[in-house]
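Engineer: structure here, sequence nowhere to be found:
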């Protein structure tokens, strides 16, 4: 994630550690995009956010809230982080400190991947950048969508 000092606007939301967090996260992203008029692909932002929140609910134990952090950067890009309590890194995402740029493709054909497990493949394919970073409480998985021409 870029330096917070370069952020134009940011929002943080605590979500319940239940499946109800998924549609709630989609609505928060949709409404925030609408309120700001951010020039990004809202459908992709909602889809990727929903995938990350669903993964956090499914793959972490306990009832600690999941945090959704949303940032609109000065260049009009949209960044989303989903924080959970599990420190284990997600498979297939760039490790902290790795060179920037797109994540190397896995080579798997999306039609041949089981229905479960497609979320991170969507993240790698549809975002400009994606990765994760450790936090004091666990990890944050993030993605970035560039500003689109309207």
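Structural biologist: That came through fine. Computed from a prediction, not measured in an experiment: that's the story for all the values here.
Engineer: in the chain, which spans are strands?
Structural biologist: For the chain, the strands defined by DSSP state E cover 9-15, 66-72, 78-84, 129-134, 139-145.
Engineer: most tightly packed of these?
Structural biologist: When you average the neighbours per residue for each of those (mean count of other C-beta atoms under 10 Å), strand 78-84 leads with a mean of 25. Heads up, the C-betas are built off the backbone N, CA and C, glycines and all.
Engineer: related to what we said a few turns ago, mind putting the strands of the chain in JSON lines, mean pLDDT and distance to residue 34 included?
Structural biologist: Shown next, in JSON lines, are the strands of the chain (pLDDT from 0 to 100; distance: least, C-beta to C-beta, whole Å):
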{"stretch": "strand 9-15", "mean pLDDT": "95", "distance to residue 34": "13"}
{"stretch": "strand 66-72", "mean pLDDT": "95", "distance to residue 34": "13"}
{"stretch": "strand 78-84", "mean pLDDT": "95", "distance to residue 34": "13"}
{"stretch": "strand 129-134", "mean pLDDT": "93", "distance to residue 34": "24"}
{"stretch": "strand 139-145", "mean pLDDT": "95", "distance to residue 34": "15"}
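Engineer: run through the neighbouring helices and strands of the lowest-mean-pLDDT helix or strand in the chain.
Structural biologist: Across the helices and strands of the chain, the lowest-confidence element by mean pLDDT, DSSP states H and E is helix 119-126, at a mean of 85. Applying 3 or more C-beta pairs under 8 Å, 6 or more residues apart in numbering; DSSP states H and E, we find helix 119-126 packed against helix 42-59.
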